[in-house]
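Chemist: just need the structure, nothing else, for what follows:
(chains A, B, C and D)
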2 protein chains.
Amino acid sequence: MNDRKLKLADLAKLAGVSTSTVSRALNDNPLIKKETREKLQQLAKKHNFSLNTAASRLRTQKTNVVAVIINLDGDTEQSINDPFLLKIVGEINLALNKFGLELLLSNSFMASDDWANYFINSRRADGIIVVGQGKSQANIEAAANAGVPLVVWGDPKTPSSYPIVGSDNYLGGRLATEHLLANGAKNILFLGDPGHAEIGERHRGYLDAISEAKATPHVVSIDITSSAAYKGINQLLVEKGLCFDGIMACSDMVAFGAMKALKERYISIPTDVALVGFDDIAMADISHPSLSSIKQNTQRASVILVEKLLAQLAGQSVESQVVEIELVNRQSSQR
Amino acid sequence: MNDRKLKLADLAKLAGVSTSTVSRALNDNPLIKKETREKLQQLAKKHNFSLNTAASRLRTQKTNVVAVIINLDGDTEQSINDPFLLKIVGEINLALNKFGLELLLSNSFMASDDWANYFINSRRADGIIVVGQGKSQANIEAAANAGVPLVVWGDPKTPSSYPIVGSDNYLGGRLATEHLLANGAKNILFLGDPGHAEIGERHRGYLDAISEAKATPHVVSIDITSSAAYKGINQLLVEKGLCFDGIMACSDMVAFGAMKALKERYISIPTDVALVGFDDIAMADISHPSLSSIKQNTQRASVILVEKLLAQLAGQSVESQVVEIELVNRQSSQR
DNA sequence: CTGAAAGCGCTAACAT
DNA sequence: ATGTTAGCGCTTTCAG
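Modeler: All right, here's what the predicted structure looks like:
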């Protein structure tokens, strides 16, 4: 790093071979004899040499970079506060690294209308992973139809011209609700915004489970934030009193907001109200009472997302895919 | 995006001017007459044209990319679970975007010994922002001395040859402790690992406040995770009973772990034990009781980090800088 | 104010 | 198994 930056040609001169040989050796091209290759790789390491990615990207027309876009309807609240996002982004990064790809992070470009163009046409990235479907899929659809290689973390059952990888939200909603019913809850609230794609599916699962149990559904539609949940439950309690004995929350953060409202009024969890969240963030285990939740397999989903993106880049056609979910049974729903 | 990718030369031909004119126009070079410039910019937009960043990076030897490295001693637990990290990374991204820079995220390369080389020598990024000092600063120091442009989010009072931006951790520790004392706590525990740079400073602040109050310090040294805190407090209670009436936790997540242990034993917060955390994550406001905490100004710190990196890239010498902190007073410490 | 032309550092046909 | 060489698409000196 101290000596003026070496280039491939310098290294070639040092080794007394041609630039193509060095290039091939460093790229593990099998055309190069093993011992030559190893010798050159050692020389490179010794001189602290790295290929200039700008040059090789220009030449190969590939970046090995994937842009990850956090897509949250300008709902900055959630974007900044939900730990679940970090979990996903972290897992995606790991998955990308595994395939030799790098992660260009963006949480602000979704706003502009030609975000896809921005990343792809400018050769900033080879493909895009969109995290979250948001409320409207129109712009994603448009980008996909324009030929932008992209995959989406979201609800895989949504009809789309691009692959969506995510949990079986319907099943999650159903399992959570059935679990509450099995634990004796009769009047179960759904807490969340069904207008949001993934949450809409959770809501459907909830509705079906409720209807099978011949119970009455009740939706408290709120923004996907703790504070909205807190306010929503508070208001309901003020207006109608304790008219429910179970809550299926659309996310753990939302569940915590509800929990706070309940605790402040000394409504016991799970005795008076049983509660299940969604996401299984770290806090679910550490809250008191601990929060039962639907665990999403973010690690597996991330690997699949990357694999699908790569397949797409290789020209294959790819389908949406569901990853399994699991109910994690903790104190908040146990009675 | 449908027609084969245009290049600068194509656009120049379309407009009947030279490539240099187009290049200058798109880069807002004042040399170009205003009307020519606007005409060309419109043409570019109309044809959905973007400059090929690989080519321009190769030519200019600048990437306008900053690598952000999450540095956490391979302590994956915290890395994946602490919402505070997301907050910082999000803010840094915003700050970078403000300056026309992009964020290359890395949470796994710190492990390799030549991470700095990897990003800088290969021209993947112009500079590096390291988030967190971790337990050892040796490798950061080495990279900085080798001339890698880098800034660190950490404790600004740590002696270093690179600029560190972060909160006044000493003051934070002191304020939190003084606050607990003012609320009547006599036996205040410090919960966290003082071997960690930033936490060490918080600990020093704690010690000074304790000693001024002629109280007795007591450190429970644990990993910076909720579960370690939970176990630590549990064990202490088992072995010595309720031998304390206040806890200064090194982070909010750690505070929540402690809270859980206390609640499970029906020890009242804040009546029996008053509690203050650090970071002021969203959950602090939504927990019950809500958690008093030292709020770090991550937004301001992020902007400063980016400014300092830019100054460094411009060849100026830059110093570490402290950003203000603030005690947010909530229920957990109120009596 | 605009144009011509060189060259950033690499890779991959093509040649041997 | 290795070398020669053209060229990826842009920016910028130099010339006008």
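Chemist: write out the residues of chain A neighbouring DNA strand C.
Modeler: A:5, A:7-9, A:19-20, A:23-24, A:26-27, A:51-52, A:55-56, A:58-60 (C-beta under 7 Å from any atom of the strand). In short, each C-beta sits where N, CA and C put it, glycine included.
Chemist: which of the residues you listed fall within helices?
Modeler: A:8-9, A:19-20, A:23-24, A:26, A:55-56, A:58-60 (DSSP state H).
Chemist: which one among those residues gets closest to residue B:39?
Modeler: residue A:58 (27.8 Å; C-beta to C-beta).
Chemist: filter the residues of chain A next to DNA strand C by proximity to DNA strand D?
Modeler: Answer for the residues of chain A next to DNA strand C near DNA strand D (C-beta under 7 Å from any atom of the strand): A:19-20, A:24, A:55, A:58-59.
Chemist: out of these, which are buried?
Modeler: Buried members of those, scored by 16 or more other C-beta atoms under 10 Å in any protein chain shown, are A:24, A:55, A:58.
Chemist: so residue A:156 makes contact with residue A:318?
Modeler: No: contact between residue A:156 and residue A:318 fails when scored by C-beta atoms under 8 Å: they sit 11.7 Å apart.
Chemist: who's more crowded, the two?
Modeler: More crowded of residue A:156 and residue A:318, by other C-beta atoms under 10 Å in any protein chain shown: residue A:156, with 23 against 18.
Chemist: now name the helix or strand holding the more buried one.
Modeler: Per DSSP states H and E, residue A:156 falls between elements, in no helix or strand.
Chemist: swap in the one 4 residues further on?
Modeler: When elements are defined using DSSP H and E, residue A:160 is found to belong to no helix and no strand.
Chemist: that one contacts residue A:142, correct?
Modeler: No: with contact defined as C-beta under 8 Å, residue A:160 does not reach residue A:142; the gap is 11.8 Å.
Chemist: hang on, the earlier thing: so which of the buried ones among the ones next to DNA strand D among the residues of chain A next to DNA strand C comes closest to DNA strand D?
Modeler: Among these, residue A:58 lies closest to DNA strand D (C-beta to the nearest atom of the strand), at 4.3 Å.
Chemist: list the contacts for that closest one?
Modeler: B:52, B:54-55, B:58 (C-beta atoms under 8 Å, 6 or more residues apart in numbering or on different chains).
Chemist: switch to 6 Å and redo it
Modeler: By C-beta atoms under 6 Å, 6 or more residues apart in numbering or on different chains, the contact list for residue A:58 reads B:54-55, B:58.
Chemist: check residue A:170 too.
Modeler: Residue A:170 neighbours (C-beta under 6 Å, 6+ apart): A:201, A:204-205.
Chemist: one more pass at 8 Å, please.
Modeler: A:157, A:201-202, A:204-205, A:208.
Chemist: neighbour count and secondary structure for these - can I get that in a markdown table?
Modeler: Shown next, in a markdown table, are the contacts of residue A:170 (neighbours: other C-beta atoms under 10 Å in any protein chain shown; DSSP: H, G, I helix; E, B strand; the rest coil):
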| residue | neighbour count | secondary structure |
| --- | --- | --- |
| A:157 | 17 | coil |
| A:201 | 25 | helix |
| A:202 | 30 | helix |
| A:204 | 16 | helix |
| A:205 | 23 | helix |
| A:208 | 16 | helix |
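Chemist: out of these, which is nearest to chain B?
Modeler: residue A:202 (20.8 Å; C-beta to the nearest C-beta).
Chemist: for that closest one, which residues are in contact?
Modeler: Contacts of residue A:202 (C-beta under 8 Å, 6+ apart): A:169-170, A:172-173, A:176, A:190, A:192, A:248, A:250, A:278.
Chemist: out of those, who's the most crowded?
Modeler: residue A:248 (33 neighbours).
Chemist: and residue A:327, how many neighbours?
Modeler: Residue A:327, neighbours per other C-beta under 10 Å, totals 18.
Chemist: where does the nearest residue to it once chain neighbours are set aside sit: helix, strand or coil?
Modeler: Among residues not flanking residue A:327 along the chain, residue A:175 sits closest, at 5.1 Å (C-beta to C-beta, 6 or more residues apart in numbering or on different chains). Secondary structure assignment for residue A:175 (DSSP: H, G, I helix; E, B strand; the rest coil): helix.
Chemist: for residue A:175, what are its contacts?
Modeler: Residue A:175 touches A:205, A:294, A:325, A:327, counting by C-beta under 8 Å, 6+ apart.
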